[in-house]
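Student: build me a model:
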Amino acid sequence: MEGLSRNPWRGWRGQLLFGLFCYLLFLGMKMPASWAYGRVAGWIPWVRMEGVSGTIWSGGFAALRLGASTLGAGRWRVAPEALPGRLAVDFTLGAPGAAWHAAGRAGLEGVSALFASGVTVEAEVEALRGVVGMIPPGSRGRVTGHLESLVVAQTGVRAAEGHGTGSGLHVGSPLNVDLGDLTGTLQPDEGHGLLLRVQDRAGPWQVRLTFGLKPDGSYRGRGHVAARDASDTRAGNLLRVLGPMDGQGRVEIREHGRLPGW
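Tutor: Predicted structure coming up:
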């Protein structure tokens, strides 16, 4: 009898907690996306969304801004199979073959970090000029990349892993020179930043460059460039524009600055 007297209480309490959970879940699903975005918009100041609509469960935006560049519209949908401790959304931006196209998964990790995983990106070099200020006008080519993982907290980058390629790259005025194809890898940098290592894959140049990006938007570029054919007079003249050549025909690259819009 004692066991029977406890069961109704346990059942009532369980039903109450389950009902409360369902109610909170319903409220979360119906929470306006614009209100939720306002709570995290300042975490990565160079990434901004405009025209946010829908709910945090399923919604969209009219435009995405990266630095000084305005990208196309996009949509998201909460991924119910996300890992515990993560609120994940599957998103798309633009369309395949457009100046910008991205698709993958991103969201919140815990209560203090943003993450992305399995993200593929395609972009025309011209569309990147507003994000990376060092790209000269008239540059062209296409960049594709795959971001395996990225975790960004308010203090900066906690984890990063990715790779990409640049195809048919051409540097515009005043150099006006073809670079060919390049490859790159992404990893964390000291001081909670990002580090991108770039090298040649095919083309007239030997390239070894490392670009670092800090949470405050400051960047640095280090490495060297050399002509694959040492007898190419035009290539040698172009290299001398960049700086003095060492005994191996290489020009050292040292650049620094701050991305626009930060």
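Student: can you list the strands that the helix or strand harbouring residue 116 pairs with?
Tutor: Counting by DSSP states H and E, the element that carries residue 116 is strand 113-124. Here strand 113-124 has these sheet partners by DSSP bridges: strand 100-109 (antiparallel), strand 140-153 (antiparallel).
Student: mean neighbour count for these - can I get that in a markdown table?
Tutor: Heads up, the C-betas are built off the backbone N, CA and C, glycines and all. Below are the strands paired with strand 113-124 laid out as a markdown table (neighbours: other C-beta atoms under 10 Å):
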| stretch | mean neighbour count |
| --- | --- |
| strand 100-109 | 19 |
| strand 140-153 | 17 |
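Student: all helices of the stretch 1-150 of the chain, in order?
Tutor: Using DSSP state H, counting those that start in this stretch, the helices of the stretch 1-150 of the chain run over 2-30, 33-40, 125-128.
Student: lowest average pLDDT across those helices?
Tutor: Lowest mean pLDDT within the helices of the stretch 1-150 of the chain: helix 2-30, at a mean of 55.
Student: export the strands paired with strand 113-124 to TSV and tack on mean pLDDT?
Tutor: As requested, those are exported to TSV (pLDDT from 0 to 100):
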stretch	mean pLDDT
strand 100-109	86
strand 140-153	94
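Student: got a markdown table for these, with distance to residue 123 too?
Tutor: As requested, the strands paired with strand 113-124 are arranged in a markdown table below (distance: least, C-beta to C-beta, whole Å):
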| stretch | distance to residue 123 |
| --- | --- |
| strand 100-109 | 5 |
| strand 140-153 | 5 |
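Student: indicate which one of the ones you listed is closest to residue 50.
Tutor: Proximity to residue 50 (C-beta to C-beta) singles out strand 100-109 among the strands paired with strand 113-124, at 14.9 Å.
Student: wasn't residue 166 part of a strand?
Tutor: Yes - assigned with DSSP: H, G, I helix; E, B strand; the rest coil, residue 166 falls within a strand.
Student: who does it form a beta bridge with?
Tutor: Residues in a beta bridge with residue 166, per DSSP bridges, are residue 143, residue 182.
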